[in-house]
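J.: using only what follows, build the 3D model:
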Amino acid sequence: MYSVRTFAMVMGIIFLVVGGMGFVPGLLAHPEHAADHPMAVRAFDGYLLGLFHVNFWHSLAHLLFGILGVFCANSVGHARGYARFVAVAYAVLAVMGLIPGLNTLWGVMPLHGNDVWLHVVIAAAAAYFGFARVPGGRADPRTTEVRA
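T.: So this is what the prediction gives:
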């Protein structure tokens with residue numbers, strides 16, 4: 001059974017890897033429809049693996065979420081807080097990705113296209129570990145105690 005600490009560590013590592021990949025020019029494609037979303041920040045701008053629009057700030061955000069996840073994996077409380085933060089943040093990012101003008105965070109960070117569904121999946125997984133999953137057993141709905 002996976003714990004919230006494992007979730008924080010695994011997500012942290014994934015975010016670190018993906019964030020690092022965003023700084024490798026060979027992994028960034030520049031499709032013809034890239035001009036559909038004019039970006040003010042063009043540093044390391046492209047589609048990671050041809051699917052996810054990233055730029056410098058987007059990749060940096062992934063690195064920061066990754067560092068936070070790795071550090072928060074040290075305890076259940078920190079990991080649960082991280083999962084809750086990721087759930088809320090990524091749900092907000094998914095909604096922003098659907099709104100014109102906000103879907104590029106005013107030209108600073110791309111949030112549109114395939115990023116929207118990926119943000120929904122990440123938010124749902126984080127919500128499960130942060131809000132729904134009870135470690136070690138069933139929760140008694142009348143108290144905050146966990147029974148084995």
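J.: Leu98 contacts Asp115, doesn't it?
T.: No: Leu98 is beyond contact range of Asp115, at 10.5 Å (criterion: Cβ atoms under 8 Å). Heads up, the C-betas are built off the backbone N, CA and C, glycines and all.
J.: who has more neighbours out of those two?
T.: Asp115 (24 against 11; other Cβ atoms under 10 Å).
J.: so what's the residue nearest to Ser75 when sequence neighbours are not counted up against?
T.: Leaving out its chain neighbours, the residue that sits closest to Ser75 by Cβ to Cβ, 6 or more residues apart in numbering is Arg5, at 7.3 Å. Contact analysis of Arg5 by Cβ atoms under 8 Å, 6 or more residues apart in numbering lists Ala73, Asn74, Ser75, Val76, Ala79.
J.: can you tell me which of these has the most neighbours?
T.: That'd be Ala79 among the contacts of Arg5, by other Cβ under 10 Å, with 26 neighbours.
J.: just give the closest residue to that one, not the sequence neighbours.
T.: That would be Ala8: by Cβ to Cβ, 6+ apart, it lies 3.9 Å from Ala79.
J.: mind checking pLDDT for that neighbour?
T.: Model confidence at Ala8, given as pLDDT, is 98.
J.: ok, it - how many residues close by?
T.: Ala8 has 29 nearby residues by other Cβ under 10 Å.
J.: wouldn't it be in contact with Ala83 here?
T.: Yes: judged on Cβ under 8 Å, Ala8 makes contact with Ala83 at a distance of 6.5 Å.
J.: report the set of residues contacting both of those two.
T.: Phe129.
J.: circling back: just the element for the residue nearest to Ala79, please.
T.: Per DSSP states H and E: Ala8 is located in helix 4-21.
J.: many thanks, have a good one.
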